[in-house]
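Q: Return atomic coordinates for the entry below.
(one chain, ligands or ions: 1)
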Amino acid sequence: MTRVYNFGAGPAMLPIEVMEKARSEFLDYQGVGASIIEISHRSEEFDAVINETDRLLFELANIPDNYKILYVHGGAQMQFSAVPMNLIARNPEKKAAYVESGNFAKLAIKEAIRYGKISVVASSETSNYDRIPELEMAEVDQKSSYLYITSNNTIYGTRWQQFPSTDNIPLVADMTSEFLSRELDINQFGIIFAGLQKNLGPAGLALVIIREDLLDYALPETPNLLTYRTYAEKHSLSNTNNTFAIYMMKLVLEWLKDHGGVTALELQNETKAALIYDAIDTSSFYLGTAEVIYRSTMNVTFNLAENGLLDKFLSQAHAQGLYALKGHRNVGGVRASIYNAMPTAGCQALVNFMKEFEKNHA
Ligand SMILES: Cc1ncc(COP(=O)(O)O)c(C=O)c1O
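A: Predicted coordinates for the structure are as follows:
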């Protein structure tokens with residue numbers, strides 16, 4: 001069996017140990033004689049899985065006791081609807097403030113305007129989202145029900161290095177492409193959400209971490225299965241949840257713990273990203289596309305100075321087991337997504353290839 005280094009943005013590479021563990025107990029989960037995906041979401045065995053997933057998340061992400069963990073159907077974009085439906089009525093004027101730092105923020109805004117008055121308080125659209133836009137908190141209406149940001153912009157390779165202080169306005173963050181890749185002070189946030197498919201597990205489910213006092217503002221028309229209170233009260237098991245995704249997340253969290261937790265992974269992520277950014281910055285053959293001070297450690301975006309060589313670069317990389325490096329169509333060029341599961345050796349292999357390609361084509 002040959003496994004490639006998978007630089008895809010998501011669904012993305014998962015740790016090999018996690019895949020092997022899942023395979024080894026797939027047919028017979030811990031002596032039950034059935035797979036975890038064949039048994040009830042209300043069984044004793046699954047109950048232990050979901051409890052342990054919660055426990056590991058509280059521990060690894062350092063989540064305070066006044067927060068709830070929810071496993072919500074529908075992936076990250078479903079949260080673009082769920083967030084306003086659950087929170088816009090925190091203030092009777094139904095106002096919310098959004099920072100538009102990329103395509104996913106734009107989609108979140110598009111969805112939110114169905115439910116209230118949305119102000120875009122900062123945007124980097126005019127520079128094709130090559131940076132996190134400057135945010136003046138003084139310009140954010142204090143009556144906003146929440147302030148929404150995308151902490152890491154998967155397509156553009158930018159991230160918030162520091163998060164804004166929002167005082168009494170709950171900060172809501174889409175952390176889909178970076179949750180558990182860096183240490184956070186969860187207290188800074190009202191809601192954090194993340195689709196699982198980058199650092200956490202398979203696609204189709206979102207992890208939502210919500211401060212308890214924000215659970216009671218849902219618009220009356222909010223579907224039961226998008227109401228955060230329903231998930232909080234029923235331990236995300238009001239109906240049949242995606243048991244396989246939760247089980248896979250538990251394995252990923254166990255792997256993360258075995259590898260030193262978020263502190264160790266953050267250091268490793270910085271080292272991995274620095275390898276590739278150094279290769280870009282020490283050559284005029286490659287051009288980084290994100291402003292240096294906003295660079296992401298999860299998604300590294302760059303172009304070739306001679307664009308005509310891009311297809312050749314991508315196909316030769318592919319032939320060498322460096323998979324899915326093509327940049328998103330909004331940016332073009334190359335994007336290396338290097339989530340927690342990407343080993344340093346994968347980034348080194350990419351850098352070796354970049355140097356070799358440059359030598360042969362400069
Ligand atoms: C930052 C961010 N938000 C939202 C999404 C959308 O996720 P989903 O496809 O689970 O709806 C993505 C997907 O890549 C993303 O990177």
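Q: So I276: helix, strand or coil?
A: helix (DSSP: H, G, I helix; E, B strand; the rest coil).
Q: Ok, the one 4 residues further on next?
A: Local secondary structure at I280 is given as helix here, using three-state DSSP.
Q: residue of the chain with the smallest distance to the ligand?
A: G75 (2.7 Å; Cβ to the nearest ligand atom). For every residue, glycine as well, the C-beta is placed using N, CA and C.
Q: Setting aside sequence neighbours, what's the nearest residue to that residue?
A: Nearest residue to G75 in three dimensions, chain neighbours excluded: G195, at 4.7 Å (Cβ to Cβ, 6 or more residues apart in numbering).
Q: now the one you found: how far from S101?
A: Using Cβ to Cβ, to the nearest Å, we find G195 at a distance of 17 Å from S101.
Q: residues near the residue of the chain closest to the ligand, how many?
A: Here the number of neighbours of G75 (other Cβ atoms under 10 Å) works out to 17.
Q: Y156 contacts F104, doesn't it?
A: No - contact criterion Cβ atoms under 8 Å: Y156 and F104 do not qualify, at 9.8 Å.
Q: just to revisit the earlier point, check contacts around the residue nearest to G75.
A: 10, 75-77, 176, 203, 205-206 (Cβ atoms under 8 Å, 6 or more residues apart in numbering).
Q: Please apply the same query to Y98.
A: Counting by Cβ under 8 Å, 6+ apart, Y98 touches 105, 108-109, 112, 118-121, 147-148.
Q: mind redoing it with 10 Å?
A: Counting by Cβ atoms under 10 Å, 6 or more residues apart in numbering, Y98 touches 84, 105-106, 108-109, 112-113, 118-123, 144, 146-150, 172.
Q: element containing it, please.
A: Under the criterion of DSSP states H and E, Y98 resides in strand 95-100.
Q: Please type out the PyMOL selection for whichever of the contacts of Y98 turn out to be buried.
A: The buried subset of the contacts of Y98, as determined by 16 or more other Cβ atoms under 10 Å, is captured in PyMOL by this line:
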select buried, resi 84+105+106+108+109+112+118+121+122+123+144+146+147+148+149+150+172
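Q: Can you mark which positions in stretch 273-291 are buried?
A: 273, 275-277, 279-280, 285-286, 288-290.
Q: Determine which two of those residues are furthest apart.
A: A273 and F285 (19.1 Å; Cβ to Cβ).
Q: thought G261 was touching L180?
A: Yes - counting by Cβ atoms under 10 Å, G261 touches L180, with 9.0 Å between them.
Q: neighbour-wise, which of the two wins?
A: Using other Cβ under 10 Å as the criterion, G261 and L180 rank with L180 on top: 24 against 18.
Q: any idea what that one is structurally, helix, strand or coil?
A: Assignment for L180 (three-state DSSP): coil.
Q: Could you pull up the residues touching the closest residue to it other than its chain neighbours?
A: Of all residues not flanking L180 in the chain, N199 sits nearest, at 5.1 Å (Cβ to Cβ, 6+ apart). N199 sits next to 10, 12, 14, 175-181, 249, 252, 256, 265, 269, 298, 339-341 when contact means Cβ under 10 Å, 6+ apart.
Q: now with 6 Å?
A: Taking Cβ atoms under 6 Å, 6 or more residues apart in numbering as the criterion, N199 is in contact with 179-181, 339-340.
Q: near the ligand, which residues of the stretch 201-350 of the chain?
A: With Cβ under 6 Å from any ligand atom as the criterion, the stretch 201-350 of the chain meets the ligand at residues A203.
Q: Spell out the residue ranges of the strands in the stretch 201-350 of the chain.
A: Assigned by DSSP state E, counting those that start in this stretch, the stretch 201-350 of the chain shows strands spanning 205-211, 286-288, 299-304, 322-323, 334-337.
Q: Reformat these as a markdown table; add mean pLDDT.
A: Putting the strands of the stretch 201-350 of the chain into a markdown table (pLDDT from 0 to 100) gives the following:
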| stretch | mean pLDDT |
| --- | --- |
| strand 205-211 | 98 |
| strand 286-288 | 98 |
| strand 299-304 | 98 |
| strand 322-323 | 98 |
| strand 334-337 | 98 |
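Q: Save these as TSV, and put in distance to A138 too.
A: TSV is the format used below for those (distance: least, Cβ to Cβ, whole Å):
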stretch	distance to A138
strand 205-211	24
strand 286-288	32
strand 299-304	31
strand 322-323	46
strand 334-337	35
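Q: can you list the domain ranges for this structure.
A: The chain breaks down by automatic domain parsing into domains covering 16-258, 261-361.
Q: Just the terminal-to-terminal distance for the first one.
A: So that's domain 16-258. 14 Å (Cα to Cα, to the nearest Å).
Q: I'd assumed the residue nearest to L180 was in a strand, is it?
A: No - counting by three-state DSSP, N199 falls outside a strand, being coil.
Q: confidence score at it?
A: Note on N199: pLDDT of 96.
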